[in-house]
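Engineer: sequence? don't have it. structure:
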């Protein structure tokens, strides 16, 4: 995970996202389309509510996230990506594809695909509520 995050973040400054710090990465992959409540985001990111709130505040101030009313419950807020946040996620998606391609080449395509499938089955078994299957 450390190698992946270092590789993922290596080009962020050149791409205009140098203000994003490594701890912020913990949130980006856990924000659902349409937004997510703070408590769910903290749970998905496996962070305390206080730490999640602090990181969200940073990213709101930096223009990557926005808080908006939850249409299902006007008292609650949803956290969602701004256009800048979506731009960062687009750049990150392309970088992830590049990392996966390079790692597949290093490990061998079939072995890498098998490893990914095995890890996904493991994650699905450990937490069926978050299963992608």
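Structural biologist: Yep, that arrived. Keep in mind the model is a prediction, meaning the values are calculated, not measured.
Engineer: And the residue positioned nearest the centre of the chain, how far from residue 88?
Structural biologist: Nearest to the mean C-alpha position of the chain, by Cα atoms, centre = their mean, lies residue 29 at 1.3 Å. Separation of residue 29 from residue 88 (Cβ to Cβ, to the nearest Å): 11 Å. (Each C-beta comes from the backbone N, C-alpha and C, glycine too.)
Engineer: elements contacting the strand ranked longest in the chain?
Structural biologist: What stands out as the longest strand in the chain, according to DSSP state E, is strand 73-81. With contacts defined as 3 or more Cβ pairs under 8 Å, 6 or more residues apart in numbering; DSSP states H and E, strand 73-81 has these neighbours: helix 38-45, strand 65-70.
Engineer: now the angle between strand 65-70 and whichever helix or strand comes after it, please.
Structural biologist: Using DSSP states H and E, the helix or strand that follows strand 73-81 in sequence is helix 83-107. Helix 83-107 and strand 65-70 are oriented at 120 degrees to each other (axes from the mean of the first three to the mean of the last three Cα atoms, to 10 degrees).
Engineer: mean confidence score for whichever helix or strand comes after helix 83-107?
Structural biologist: Downstream of helix 83-107, the first helix or strand assigned by DSSP H and E is helix 109-126. Helix 109-126 comes out with an average pLDDT of 92.
Engineer: Just the buried residues of helix 109-126, please?
Structural biologist: Neighbour counts over helix 109-126 (16 or more other Cβ atoms under 10 Å) mark residue 112 as buried.
Engineer: before we move on, what about stretch 70-82?
Structural biologist: 77-81.
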